[in-house]
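A.B. asks: Sequence and predicted structure, then a few things I'm wondering about:
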Amino acid sequence: MMHDVLTVFWKEGKEILEMNGPRGGFIRLLIWFGVFGVFLPLELGEAWLSSPAALLLWVWFPIFVVANTTAGTVAGEREHHTLETLLASRLPDRAVLFGKVWAAVAYGWLLTLGSIVMGVITVNLVMPGAFRFPAPLLAAGGPLLSLLAAITAAGIGVHVSLYAPTVRQAQQTLSLATLLLFLVPTFGAQALPSGMRARLAAAVSDLPAGRAVVAAAFVLAFLDAILLAAAAARFRRERLILD
Amino acid sequence: MTEAAIKTTDLTKEFRGLRAVDGLDLEVPRGIVFGFLGPNGAGKTTTIRLLLGLIAPTAGRAEVLGFDTRTEACEIRARVGALLEHDGLYERLSAEDNLEFYARIWRLPPQARRDRIKEILTHFGLWERRRERTGALSRGMKRKLAVARAVLHRPPLVFLDEPTSGLDPVAAASLREDLRSLAEREGATVFLTTHNLDEAEKICALVGVIHKGRLLAVGSPEELKARGGERLEIAGRGLDERVAALLSARNEVLAITREEGRLTLDLRPGADQAPLVRAMVEAGVEVEEVRKTRASLEEVFLALVEEERR
């Protein structure tokens, strides 16, 4: 099973890197690291290394990348008529599914880790004095939460991709979902009565940061387990062929 | 092993009340090229999907290489190669990477993988273009690459859906030769669907005709052509309407076509031709040429489909 997952992972990795051709892929990485590894750290300065706001950004990075990448997994294979040939091979259903998911997660997570490291270097280059490392909470929580968030995004992405007939439709649905993910809490909080909103803000700011990270990690891990189990149950040859 | 490569019994598949495959009874021996002929929507693709265990039958059963398609589909897919309706190639990847991916799926060891990919790409004339994106290759080259992928792991059974479509005549002839050699030299069974009846006649040891999900006939191309009876083409002077009427009244004659100085008689199977020629001579015809031919596979195929339609 592991060999088969790695085989699909290898193919997906190649496809992701070849998405816009060799030059297009390089330009895409350049833009990505320019924005998230240089521009944003410069804007945030010292906060990049210590503020919980930076942690939220680090969690958001892979969601953005992975959701778009996974959108093309099943819908892309269907649209380009490669799915049936793949399903006619000896690969087990789960190897196909998890090879695709892990490739998208690895891509999104590695880009995030690269951006974090690049950001740390950028901040240190513009701030004089001894080299500054990120706060322990960020150093531990950032990679962990961004990995779990990447899996969440991949889980959602696969579900959308399973139902969407084309990559474009899958990407549109996921863009809408990602937008709602930010708009609903923002406007939801605004809609609360002022007293309740103040109590909520106080509760959030009083929450010990370490515990908040652990709690978030548990919630995401639980969500990931449900999403992946549901995707595994949904990813069945006959259904995929007849869809 | 002596059992058939493919054996189906009353195999049926319904989609929302519509029978795509209707009580298919078929036996394909090992080591031959089998041609599955039928018009669009006849049930060829559904049959291949059923045989690969990609979809479950509504009724009946099928065995492929001795494995049940319902319960042992993984065993079947682990042993066969398939080129389906579409090429199924990853257009962003190179020709070499497309084969590398499937060679990994079939678990060929690294050195064997490299050797086999080089061998097959060279054989299909694609080695020089192995690093190009597949999307940049011509339609015919893609088809060749897709066939190469299907036979990459030397499967004992290979399903090919319209393998020569999009190929130029030279490439198509070369592929036909490859398929024949795959069956003859390597003992593989080739199950192919085609609209090209000339192709089926050239390479298939056995053909099946399917229409509206029902198998109308199975046999060697020669056997099927024999079903169509024989044909007599006569050239000469005096082949007028009177002679045509005289001949059409005879029991041996099924149909007559008359052109300028020529008559074509479609005869019942086993009909004796000498009395017909004698009758023409007695009617005053100066016979210049008499040629005995058989209905082509295409004509038999069209006749079978037409008969089923009626």
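C.D. replies: Great, that's in hand. Residues are numbered from 1 along each chain as shown, chains lettered A, B, ... in the order given.

A.B. asks: from here on, contacts and neighbour counts on C-alpha atoms
C.D. replies: Will do.

A.B. asks: and residue 168, what does it touch?
C.D. replies: All of this is about chain A. Listed by CA atoms under 8 Å, 6 or more residues apart in numbering or on different chains, the contact set of A:R168 is empty.

A.B. asks: um, chain B though
C.D. replies: With CA under 8 Å, 6+ apart as the criterion, the residues that contact B:D168 are B:G140.

A.B. asks: And B:R79, by the same measure?
C.D. replies: With the criterion set at CA under 8 Å, 6+ apart, B:R79 makes contact with A:R90, B:P155, B:P156, B:L157.

A.B. asks: which SS class is the first one?
C.D. replies: Here A:R90 is recorded as coil under DSSP: H, G, I helix; E, B strand; the rest coil.

A.B. asks: give the contact list for whichever residue of chain B sits closest to chain A.
C.D. replies: Using CA to the nearest CA, the single residue of chain B nearest to chain A is B:G88, 3.9 Å away. For B:G88, the contacting residues are A:H80, A:H81, A:T82, A:L83, A:E84, A:T85, A:L86, B:A146, taking CA under 8 Å, 6+ apart as the criterion.

A.B. asks: quick one, what contacts the closest residue to B:S94 other than its chain neighbours?
C.D. replies: On the basis of CA to CA, 6 or more residues apart in numbering or on different chains, the spatially nearest residue to B:S94 that is not a chain neighbour turns out to be B:R133, at 4.2 Å. By CA under 8 Å, 6+ apart, B:R133 lies in contact with B:E91, B:R92, B:L93, B:S94, B:A95.

A.B. asks: can you pick the most crowded of those residues?
C.D. replies: By neighbour count, taken as other CA atoms under 10 Å in any protein chain shown, the most surrounded of these turns out to be B:A95 (29 neighbours).

A.B. asks: Got the confidence number for it?
C.D. replies: B:A95 is assigned 92 on the pLDDT scale.

A.B. asks: Check whether it really touches B:G135, as I assumed.
C.D. replies: No. With contact taken as CA atoms under 8 Å, B:A95 and B:G135 are classed as non-touching, separated by 9.2 Å.

A.B. asks: lowest-confidence helix or strand of chain B?
C.D. replies: Confidence across the helices and strands of chain B bottoms out at helix B:297-309, with a mean of 72, counting by mean pLDDT, DSSP states H and E.

A.B. asks: burial measure for the closest residue to A:W102 other than its chain neighbours, as a count.
C.D. replies: Nearest in space to A:W102, with sequence neighbours left out and distances taken as CA to CA, 6+ apart, is A:F9 at 6.8 Å. Around A:F9 sit 23 other residues, with neighbours defined as other CA under 10 Å.

A.B. asks: what sits against A:F9?
C.D. replies: Listed by CA under 8 Å, 6+ apart, the contact set of A:F9 reads A:G99, A:K100, A:W102, A:A103.

A.B. asks: got the residues of the stretch 1-150 of chain B near chain A?
C.D. replies: The interface of the stretch 1-150 of chain B toward chain A, taken as CA under 8 Å from any CA of the partner chain, is made up of B:52, B:54-56, B:74-75, B:77-79, B:81-84, B:86-90, B:92-93, B:101, B:104-106.

A.B. asks: Can you flag which of the residues you listed belong to strands?
C.D. replies: Among these, the members falling in strands (DSSP state E) are B:G81, B:A82, B:L83.

A.B. asks: which of those are buried?
C.D. replies: Neighbour-count burial within these applies to B:G81, B:A82, B:L83; the criterion is 16 or more other CA atoms under 10 Å in any protein chain shown.

A.B. asks: Including pLDDT, could those go into CSV?
C.D. replies: Formatted as CSV, these follow (pLDDT from 0 to 100):
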residue, pLDDT
B:G81, 92
B:A82, 91
B:L83, 91
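
A.B. asks: In a markdown table, list those along with distance to B:V64.
C.D. replies: As requested, those are exported to a markdown table (distance: CA to CA, whole Å):
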| residue | distance to B:V64 |
| --- | --- |
| B:G81 | 12 |
| B:A82 | 13 |
| B:L83 | 17 |
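
A.B. asks: ok so, going back, can you turn the buried part of the contacts of B:R79 into a ChimeraX selection?
C.D. replies: Taking 16+ other CA under 10 Å as the burial criterion, the selection of buried members of the contacts of B:R79 in ChimeraX is written as:
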select /A:90 /B:155,156,157
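
A.B. asks: Serialize the contacts of B:R79 to a markdown table and add fields for secondary structure, distance to A:V213 and pLDDT.
C.D. replies: Below are the contacts of B:R79 laid out as a markdown table (DSSP: H, G, I helix; E, B strand; the rest coil; distance: CA to CA, whole Å; pLDDT from 0 to 100):
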| residue | secondary structure | distance to A:V213 | pLDDT |
| --- | --- | --- | --- |
| A:R90 | coil | 42 | 91 |
| B:P155 | coil | 53 | 92 |
| B:P156 | coil | 56 | 92 |
| B:L157 | strand | 55 | 94 |
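
A.B. asks: out of the contacts of B:R79, who's nearest A:F187?
C.D. replies: Using CA to CA, A:R90 comes nearest to A:F187 of the contacts of B:R79, at 48.7 Å.
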